[in-house]
Each structure stands twice: as C-alpha cells, then as structure tokens.
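**Student:** Provide a 3D model corresponding to the input given below.
(one chain, ligands or ions: 1)
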Amino acid sequence: MLDPPALALTGLGKSFGRPAVDGLDLTVARGEFYALLGPNGAGKTTTLRMVAGLLAPDAGRIEVLGIDLAVDPQAAKRRIAYLPDEPMLYGKLKPTEYLEFVAGLWGIDGRAAEPRARALLAWLDLEQHAHELTEGFSRGMKQKLALAGALIHEPELLILDEPLTGLDAGAARQVKDLLLSHVAAGGTVILTTHILEVAERLAQRIGIIQQGRLIAQGTLDELRVATPGATLEDMFLRLTGAA
Ligand SMILES: Nc1ncnc2c1ncn2[C@@H]1O[C@H](COP(=O)(O)OP(=O)(O)OP(=O)(O)O)[C@@H](O)[C@H]1O
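**Tutor:** Residues are numbered from 1 along each chain as shown. Next up, the predicted model:
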C-alpha cells in the first residue's frame, strides 16, 4: 500500500455565522514543503487550528499520516507540531525549564528530552539565554523558543502559522534552515505566510485559499503556466482579485 499523505483534508468546513473554511480539499504528501497563502481572513488560521485539534470542524474529514483526527485525536496530535501565530510562553520559566515542561506533557522524561532540548536551543542560537527567564526575551527570541517547544517531541508534520513574521534576518535564516532540514530528513512542513518570497524560495508546492476554498495550487512553475514571466505576487494578486 502507498504511504498515506502527511495531511489529507476532505470537504473541511467551519462557520462562525458565515463560512470561514468552506469545503476545503487539500492533500500534502510526506516530505513536502507546502506553503498556504491567502488574503487576510481567507481561513488559513482556522484551517490550521482544526488540523491541530484545537477547533472542531463543522464538516469534513482530517487525516494526519493516515490517522483520522476525529477517530484517534491523541495519535494524530503526537505526529504534529503546531506553532500558532502568537504563541504563549510562561514568563517565569527559563528555556530549559520550558522545554522540559513541554516534553513532560508529551510523556517524555527529562533525561530523554535534555539532549533534544540542547540541540534545539543550539540550532536556534538560544544557548546563551538557556538559563534566563523568558519574560525578558524579545519577540523573536520568544518565537524561536516556542518553535523549539513545538518540536521537542520530534513530530513528523510541522504546521506553522506565520513562523517568520517579526523575526530579524538572522533569526529568520535559522528558522528557515531548521524547516528545510526537517524536510531533507523526510519530514513535512506546512506553513502560512504573507511573505511571498518565503513561499517562492522554500515551498515545493503552494496553495492559495480565498473565502475558505482552495482557488489555485501547484509548484511555482505550474502556477506560472497561465501567466508566463509573472511573479508569485502578480499571480497571487490576480488570482485573489486584488489586482
Ligand atoms: N473565533 C472566531 N470567531 C468568529 N470568527 C472567527 C473566529 N476565528 C476566525 N473567524 C473568522 O473566520 C474568517 C477566517 O479567519 P482566519 O483567521 O482563519 O483567516 P486567515 O486566513 O488566517 O487570515 P489572516 O491572514 O488575516 O491571519 C475571518 O472572517 C474571521 O473573522
């Protein structure tokens, strides 16, 4: 049997009075780097929150690596990392304590989590702050620590909502390298971004959603077929009717 995809959404729907996600069908293969683009209010965050198991869909089906989220949410969530656009940290914890705490929530004991935590802090250049309270951290440092926390249980599918917003060039490079290395090792990354250059440079496939539906999808070259020579920004604005 073929490997199940990393993520399969079928007819996914969620309404808050009016539809936010409206019959969304989306499949992301294992080992793919997929960028989900869309104008403000298109339904990107709502979609990711449903995949992360934080919001119940009104309709449709979510399968994570072949596991139906509605049938076995625990098993599905173990395979996922979810980084929200505004992650929460505990200001009175130091990074090492925070990572140990998150690892504990996953049932990983401190000794097993320690080398992983150390490697993540080193990768994200937070080592020298490992023993400082996070309440004094800058926004970018907090964001990097939240990412480390999301990765502590070694998930296969990383789902990240605007992970590069607010990061300086150095921090953005560290995060991009970490995501690319995850994909190089066979993992899957799905992110939303308003930085079209990020999608252009990193993603193997790009999906554009508008009003809760997928309106275009493909590699950059596939998206370009209709408009040769166009930039992703040109295509995005044309497809979403903003130009
Ligand atoms: N908890 C909520 N209660 C009511 N309406 C909501 C809620 N969450 C989202 N919505 C609405 O659902 C729609 C989709 O919002 P969502 O945050 O998913 O969009 P988005 O594509 O992530 O937008 P952005 O790019 O601005 O972050 C919007 O109209 C929003 O107002």
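**Student:** quick one: low-confidence ranges for the protein?
**Tutor:** Counting by pLDDT under 70, the low-confidence segments of the chain come to 1-2, 226, 243.
**Student:** need the residues of it near the ligand, please.
**Tutor:** Contact residues (Cβ under 6 Å from any ligand atom) of the chain with the ligand: Phe16, Ala20, Gly38, Asn40, Gly41, Ala42, Gly43, Lys44, Thr45, Thr46. Where you see a C-beta, it was placed from the backbone N, CA and C, and this is true even at glycine.
**Student:** which segments of this protein make up each domain?
**Tutor:** What automatic domain parsing lists as the domains of the chain is 1-79+156-164+186-243, 87-154.
**Student:** ok, of the residues of the chain next to the ligand, which come out buried?
**Tutor:** Buried members of the residues of the chain next to the ligand, counted by 16 or more other Cβ atoms under 10 Å: Ala20, Gly38, Ala42, Gly43, Lys44, Thr45, Thr46.
**Student:** and which of the residues you listed is nearest His131?
**Tutor:** Thr45 (33.5 Å; Cβ to Cβ).
**Student:** which ones are touching the nearest residue to the closest one once chain neighbours are set aside?
**Tutor:** Nearest non-adjacent residue to Thr45, counting by Cβ to Cβ, 6 or more residues apart in numbering: Asp161, 5.6 Å away. Shown in contact with Asp161 (Cβ atoms under 8 Å, 6 or more residues apart in numbering): Lys44, Thr45, Leu48, Tyr82, Leu83, Pro84, Asp85, Leu191, Thr192.
**Student:** one more time with 7 Å
**Tutor:** Listed by Cβ atoms under 7 Å, 6 or more residues apart in numbering, the contact set of Asp161 reads Thr45, Leu48, Leu83, Pro84, Asp85, Thr192.
**Student:** and those, which two are furthest apart?
**Tutor:** Across the contacts of Asp161, the longest distance by Cβ to Cβ is 11.7 Å; it joins Thr45 and Leu83.
**Student:** can you map out the helices along this protein?
**Tutor:** For the chain, helices defined by DSSP state H occupy the ranges 44-51, 73-78, 95-105, 110-123, 139-151, 169-184, 196-202, 220-224, 232-239.
**Student:** return the most buried member of the ones you listed.
**Tutor:** Comparing these by mean neighbour count (mean count of other Cβ atoms under 10 Å), helix 44-51 ranks first with a mean of 23.
**Student:** send the alpha carbons of that one over as CSV?
**Tutor:** Extracted in CSV, the C-alpha atoms of helix 44-51 (Å, rounded to 0.1, in the frame of the first residue of the first chain):
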residue,chain,number,x,y,z
LYS,A,44,-5.8,29.8,6.9
THR,A,45,-5.5,30.0,10.7
THR,A,46,-8.9,28.4,11.1
THR,A,47,-7.8,25.5,8.9
LEU,A,48,-4.5,25.0,10.8
ARG,A,49,-6.3,25.2,14.2
MET,A,50,-8.7,22.4,13.1
VAL,A,51,-5.7,20.3,11.9
